[in-house]
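[1] give me a model of this one.
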Amino acid sequence: MEKNIGKILSEYKPLIDKAIEKNIPRQFQGAPLERMAGKPRYAYDTRSITQSISTPIWDLLDRGGKRWRPGLTLIIIEALGKNPKKFLDFASISEVVHNGTLMVDDIEDNSDFRRGKPCIHKIYGNDLAINAGNAMYFLPLKIIMESSLSDKTKNALYEVYAQEMINVSLGQGMDIYWHKGLKHDISEKEYLQMCAYKTGCLARMAAKIGAVLGGATPKQLYALDEFVETIGIAFQIQDDILNLTAGEEGKKDLGGKYGKEIGGDVSEGKITLMVIHSLKHSPRKTRLKEILSMHTKNQALINEAIGILNQAGSIEYARQAAAKLVKNAWAKVEKTLPNNSGKEKLRAFADYLVERSY
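    Reported below is the predicted structural model:
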């Protein structure tokens with residue numbers, strides 16, 4: 001089953017993309033624009049709206065991405081015994097928000113590349129990228145607003161959405177504050193909480209949307225909440241590992257399948273689980289701190305920092321920690337779900353995210 005999860009996600013991807021395009025058209029004009037914003041009192045400049053919002057949004061979306069968050073929504077709906085393909089529009093919500101956070105995050109991190117191409121702000125400028133990214137936080141709400149769901153279900157979805165949007169800002173704030181060197185001696189628990197907010201919250205959003213639509217019981221909702229938060233944390237840990245260990249082939253084309261700058265986390269001075277571990281256990285921790293504080297793009301220095309992390313066993317430590325987190329969380333959620341193919345997919349899905357190579 002685990003080997004088939006990549007195939008399942010690839011089969012979902014065109015369906016998700018179609019749902020996104022239905023709700024965020026490539027051309028904002030006529031009926032789609034009026035549906036989104038209402039009839040104008042004066043006159044819309046459709047060209048400016050399209051070029052400033054749709055164009056940068058679809059520039060990023062068309063670059064790919066695993067679409068695992070909407071896949072998670074659909075798998076959870078299936079695990080709860082309902083037909084996931086009836087809820088594709090709702091599944092797309094977390095993917096749009098996720099890409100909005102990437103667009104803004106790349107500006108905050110001063111990143112150069114995303115998914116193997118220049119970041120959106122490098123092409124369109126910071127101002128348009130920030131505005132387009134922010135638009136992606138709100139455009140998906142129309143899916144809920146226009147649905148035929150009951151008011152009770154809509155309110156439950158709005159509550160999920162609002163809470164996780166608050167959480168993602170808290171997590172991003174912690175991450176930025178740390179890699180600016182404004183806090184020292186960060187603990188593992190603080191790091192895990194940052195991940196729970198920054199990455200885990202969008203996994204929780206995806207899962208809770210699926211749980212609400214799938215009619216989950218309070219017990220199932222609670223267990224799924226913890227499990228998918230853990231998946232998000234494990235995904236972030238694995239992402240941090242891949243940032244340092246993606247192969248030489250990836251380096252040649254600015255990321256290869258990985259699609260990001262190899263060693264970019266060192267340049268940002270990012271505090272990861274591996275860094276926290278090394279700062280406790282490496283005899284060269286002072287040198288590691290020094291390199292991280294440089295925010296350097298020098299590949300030799302980046303490689304030196306990666307070597308320090310590797311020599312301290314920190315990369316393997318992080319890898320094992322991610323796997324352990326998922327294993328423990330699954331033991332709790334497994335008991336609450338009925339035995340069906342969706343449940344099998346959910347377990348395999350978690351392993352897929354932790355063990356992926358890009």
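[2] pretty sure V228 is in contact with M205, am I right?
    No - between V228 and M205 there is no contact under Cβ atoms under 8 Å: 9.1 Å. C-beta here means a position set from N, CA and C on the backbone, and glycine is covered the same way.
[3] neighbour count: the two, which is higher?
    Of the pair V228 and M205, V228 is the one with more neighbours under other Cβ atoms under 10 Å, namely 30 against 27.
[4] where in the stretch 151-300 of the chain is pLDDT low?
    247-261 (pLDDT under 70).
[5] show me where it has its strands.
    In the stretch 151-300 of the chain, no strands are defined using DSSP state E, counting those that start in this stretch.
[6] how about the helices in it?
    Along the stretch 151-300 of the chain, counting by DSSP state H, counting those that start in this stretch, helices occupy 151-179, 188-198, 200-213, 218-245, 248-252, 264-268, 273-281, 285-294, 299-311.
[7] of all those, which lies closest to Y12?
    With Cβ to Cβ, the closest approach to Y12 among these belongs to helix 200-213: 12.3 Å.
[8] the closest one packs against which elements?
    Judged by 3 or more Cβ pairs under 8 Å, 6 or more residues apart in numbering; DSSP states H and E, helix 200-213 is in contact with helix 68-79, helix 88-108, helix 151-179, helix 218-245.
[9] just those: most buried one?
    Among these, helix 68-79 has the highest mean neighbour count (mean count of other Cβ atoms under 10 Å), at a mean of 28.
[10] and the contacts of it?
    Here helix 68-79 makes contact (Cβ atoms under 8 Å, 6 or more residues apart in numbering) with 8-9, 12, 16, 83-85, 87-88, 90-95, 98, 202-203, 205-207, 209-211, 213-214, 224, 228, 231, 235, 337-338, 340-343, 345-346, 349, 353.
[11] got the angle between that helix and helix 200-213?
    Using axes from the mean of the first three to the mean of the last three Cα atoms, to 10 degrees, one finds that helix 68-79 and helix 200-213 are set 30 degrees apart in direction.
[12] give the rounded mean pLDDT of helix 68-79.
    Averaged across helix 68-79, pLDDT comes to 94.
[13] so how far is it off the chain centroid?
    15 Å (Cα atoms, centre = their mean, to the nearest Å).
[14] that helix versus helix 88-108: what angle between them?
    Going by the same axes, to 10 degrees, helix 68-79 makes 150 degrees with helix 88-108.
[15] what about dumping the CA coordinates of helix 68-79 to PDB?
    Presented in PDB, the C-alpha positions along helix 68-79 are these (Å, rounded to 0.1, in the frame of the first residue of the first chain):
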ATOM      1  CA  TRP A  68      -0.500  15.800  -0.200                       C
ATOM      2  CA  ARG A  69      -2.700  18.000   2.000                       C
ATOM      3  CA  PRO A  70      -5.800  17.700  -0.200                       C
ATOM      4  CA  GLY A  71      -4.900  14.000  -0.600                       C
ATOM      5  CA  LEU A  72      -5.000  13.800   3.200                       C
ATOM      6  CA  THR A  73      -8.500  15.400   3.300                       C
ATOM      7  CA  LEU A  74      -9.800  12.900   0.700                       C
ATOM      8  CA  ILE A  75      -8.200   9.900   2.400                       C
ATOM      9  CA  ILE A  76      -9.700  10.800   5.800                       C
ATOM     10  CA  ILE A  77     -13.100  11.200   4.200                       C
ATOM     11  CA  GLU A  78     -12.700   7.700   2.700                       C
ATOM     12  CA  ALA A  79     -11.500   6.300   6.100                       C
END
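[16] could I get the helices and strands packed on helix 200-213 as CSV with distance to K289?
    Below are the helices and strands packed on helix 200-213 laid out as CSV (distance: least, Cβ to Cβ, whole Å):
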stretch, distance to K289
helix 68-79, 34
helix 88-108, 22
helix 151-179, 12
helix 218-245, 17
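[17] need the helices of the stretch 151-300 of the chain in CSV with distance to I77, can you?
    Formatted as CSV, the helices of the stretch 151-300 of the chain follow (distance: least, Cβ to Cβ, whole Å):
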stretch, distance to I77
helix 151-179, 13
helix 188-198, 23
helix 200-213, 5
helix 218-245, 11
helix 248-252, 34
helix 264-268, 34
helix 273-281, 32
helix 285-294, 42
helix 299-311, 39
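[18] now do the contacts for the nearest residue to D109 once chain neighbours are set aside.
    Excluding the flanking residues, the one nearest D109 by Cβ to Cβ, 6 or more residues apart in numbering is E268, at 5.4 Å. For E268, the contact set (Cβ under 8 Å, 6+ apart) comprises 109-110, 179, 295.
[19] now swap in P84 and tell me
    Contacts of P84 by Cβ under 8 Å, 6+ apart are 73-75, 77-78, 91, 342.
[20] now it. Nearest residue, chain neighbours left out?
    Closest to P84 by Cβ to Cβ, 6+ apart is L74, at 3.7 Å.
[21] A206 contacts V228, doesn't it?
    Yes - in this structure, A206 is within contact of V228 by Cβ under 8 Å, at 7.1 Å.
[22] roughly how far does the nearest residue to S52 once chain neighbours are set aside sit from T286?
    Leaving aside its sequence neighbours, S52 sits nearest to L128 (Cβ to Cβ, 6+ apart; 5.4 Å). With the distance defined as Cβ to Cβ, to the nearest Å, L128 ends up 42 Å from T286.
[23] quick one: which of those two has more around it?
    Using other Cβ under 10 Å as the criterion, L128 and T286 rank with L128 on top: 18 against 9.
[24] on the three-state scheme, the more buried one is what?
    helix (DSSP: H, G, I helix; E, B strand; the rest coil).
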